[in-house]
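**Q** Next input, structure requested:
(one chain, ligands or ions: 1)
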Amino acid sequence: MHADKWAIKAKQSGFKTRAVFKLEEILIKTNSLKGTQKILDIGSAPGGWSHYLKLKLPKSEIYAIDILEMEDIAGVNFFQKSIELIDEIPQINQLKGKFNLVISDIAPNITGINTVDIENIYELNLLTLRAAHRYVENNNGKFIIKTFQNSMFKGLRKEMGLLFKTVQTFKPAASKKQSAEIYLYGAKKQ
Ligand SMILES: C[S@@+](CC[C@H](N)C(=O)[O-])C[C@H]1O[C@@H](n2cnc3c(N)ncnc32)[C@H](O)[C@@H]1O
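**A** Numbers count the residues shown, from 1 in each chain. The predicted structure follows:
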């Protein structure tokens with residue numbers, strides 16, 4: 001499908017952004033919606049992924065966190081805080097080890113200085129990976145993170161392999177070919 005068609009499809013489906021189709025493809029290929037009740041959405045604003053998941057799984061409990069404000073989404077518990085401070089949110093902290101699915105679309109502000117941007121992405125992704133490891137359930141928990149194909153990517157994938165039994169890389173059809181974005185999927189189970 002041509003890239004712009006995804007935007008039209010999103011509008012027709014009542015979704016906030018075309019980015020939901022990138023997430024959807026990975027969720028389907030990894031069978032990650034089955035049995036999912038508790039979801040943690042990291043870097044959630046403006047709310048496209050949370051909104052999509054609430055529509056797909058109306059009975060799910062969704063907790064979302066971002067440094068920016070996010071419009072209210074019925075049934076989504078949003079906290080305006082940095083991922084660095086996630087453990088300080090009591091409502092989320094008490095759910096350590098209980099989330100079936102953790103998703104992250106987190107991305108730092110781009111400075112334009114390539115080496116700085118690559119380092120910032122890696123640091124933020126590493127923090128997110130470690131938080132996901134603390135919050136996801138140990139038996140069958142799943143984690144999906146958007147990151148970027150760069151010189152630190154292999155290192156990030158390796159770190160993920162230390163915390164998750166299965167690690168897979170995805171480049172969904174809705175992700176523009178020329179974009180460096182790439183997704184990692186981690187599962188606690190083999
Ligand atoms: C690409 S957007 C997420 C889009 C979202 N998945 C959606 O579907 O609407 C990336 C988000 O990461 C957030 N972010 C960046 N640094 C963060 C941090 N330290 N803690 C939490 N969120 C952060 C940004 O504020 C931004 O809203």
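**Q** If you drop the residues flanking it in sequence, what lies closest to A10?
**A** Leaving aside its sequence neighbours, A10 sits nearest to R18 (CB to CB, 6 or more residues apart in numbering; 4.5 Å). C-beta: built from backbone N, CA, C; applies to glycine.
**Q** go on, A107?
**A** Nearest to A107 is G43, by CB to CB, 6+ apart, at 6.6 Å.
**Q** and that neighbour, backbone torsions?
**A** Backbone torsions of G43, given as degrees, to the nearest 10, read phi 80, psi 50.
**Q** give the contact list for it.
**A** Neighbouring residues of G43 by CB atoms under 8 Å, 6 or more residues apart in numbering: 65-66, 83, 104-107, 128.
**Q** Which elements pack onto the longest helix seen in the chain?
**A** Counting residues, the longest helix found in the chain (DSSP state H) is helix 114-135. Using 3 or more CB pairs under 8 Å, 6 or more residues apart in numbering; DSSP states H and E, the elements in contact with helix 114-135 are strand 38-42, strand 101-104, strand 142-148, helix 153-163.
**Q** Could you give the average pLDDT over it?
**A** Across helix 114-135, the average pLDDT comes to 97.
**Q** what's it in contact with?
**A** Applying CB under 8 Å, 6+ apart, the external contacts of helix 114-135 come out as 40, 42-43, 83-84, 86-87, 92, 95-99, 102, 104, 106-108, 110-111, 143, 145, 147-148, 150-152, 155-156, 159-160, 163-164, 186.
**Q** so which of those also contact the ligand?
**A** Restricting the contacts of helix 114-135 to those touching the ligand (CB under 6 Å from any ligand atom) yields 43, 83, 106-108.
**Q** Include pLDDT and secondary structure when you put those into JSON lines, please.
**A** Formatted as JSON lines, these follow (pLDDT from 0 to 100; DSSP: H, G, I helix; E, B strand; the rest coil):
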{"residue": "G43", "pLDDT": "98", "secondary structure": "coil"}
{"residue": "I83", "pLDDT": "98", "secondary structure": "helix"}
{"residue": "I106", "pLDDT": "97", "secondary structure": "coil"}
{"residue": "A107", "pLDDT": "95", "secondary structure": "coil"}
{"residue": "P108", "pLDDT": "94", "secondary structure": "coil"}
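**Q** between those, which is closest to N139?
**A** Nearest to N139 among these, counting by CB to CB, is I83 at 24.0 Å.
**Q** how many other residues sit next to the closest one?
**A** 19 (other CB atoms under 10 Å).
**Q** Appreciated, that's everything.
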